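In: need the 3D shape of this:
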Amino acid sequence: MLLKDFSPTLSRVAVLLNPGNAANPAVLKHVEASARQLGVAVVAVSAATPQAIGNAFAEAAQQGAGAVIVAADAFFSGQGPQIAAAALQHRLATISIYQDHVLAGCLLNYGQNVAEFHQRAARYVDRS
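Out: I've put the predicted structure just below:
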């Protein structure tokens, strides 16, 4: 868990989920299993609208989270500025799969550059 490396005293983390995403129970289960091995408690918060993102971060802070993991979700992919602003407002380190979120102000991202991935996929399809 990258967040634990950046904040060794981290004891509680929130996971930002979109309630409309059917994959969320599996995502939450995976995060909980990983966090358990590190002695970190997990709190689930949710947002399905840009306005709800701030509320979710407020809830995470109220529940004592020291950081937020943004679940991969099509809705969240375009919400980097809102997520970064909420993270800053509530002083919560935030990690996301989307590089754009880091460019907007979040602390960390993991995974691939999604824009580059789509460009490569388009080139591959174009060759077919």
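
In: next, the buried residues of stretch 24-42.
Out: Neighbour-count burial for stretch 24-42, counted by 16 or more other CB atoms under 10 Å, picks out 24, 27, 28, 31, 35, 40, 42. C-beta: built from backbone N, CA, C; applies to glycine.

In: so what pLDDT did the closest residue to the fourth one other than its chain neighbours get?
Out: I take that to be residue 31. In this structure, residue 31 finds its nearest non-sequential neighbour in residue 15, 5.2 Å apart by CB to CB, 6 or more residues apart in numbering. In this model, residue 15 is scored at 97, pLDDT.

In: can you tell me which residues contact the residue nearest the centre of the chain?
Out: Closest to where the C-alpha atoms of the chain average out (CA atoms, centre = their mean) is residue 70, at 1.2 Å. By CB atoms under 8 Å, 6 or more residues apart in numbering, residue 70 lies in contact with 16, 76, 83, 94, 95, 96, 97, 98, 101, 106.

In: coming back round to it: surely the residue nearest to residue 31 is in contact with residue 67?
Out: No: at 10.0 Å, residue 15 and residue 67 do not qualify as touching, with contact defined as CB atoms under 8 Å.

In: check what pLDDT residue 46 gets.
Out: Reported pLDDT for residue 46: 97.

In: so which residues of this structure form strands?
Out: 12-17, 41-46, 67-70, 93-96, 108-109 (DSSP state E).

In: pick the most deeply packed of these.
Out: Burial of the strands of the chain is given as mean neighbour count (mean count of other CB atoms under 10 Å); strand 67-70 ranks first at a mean of 26.
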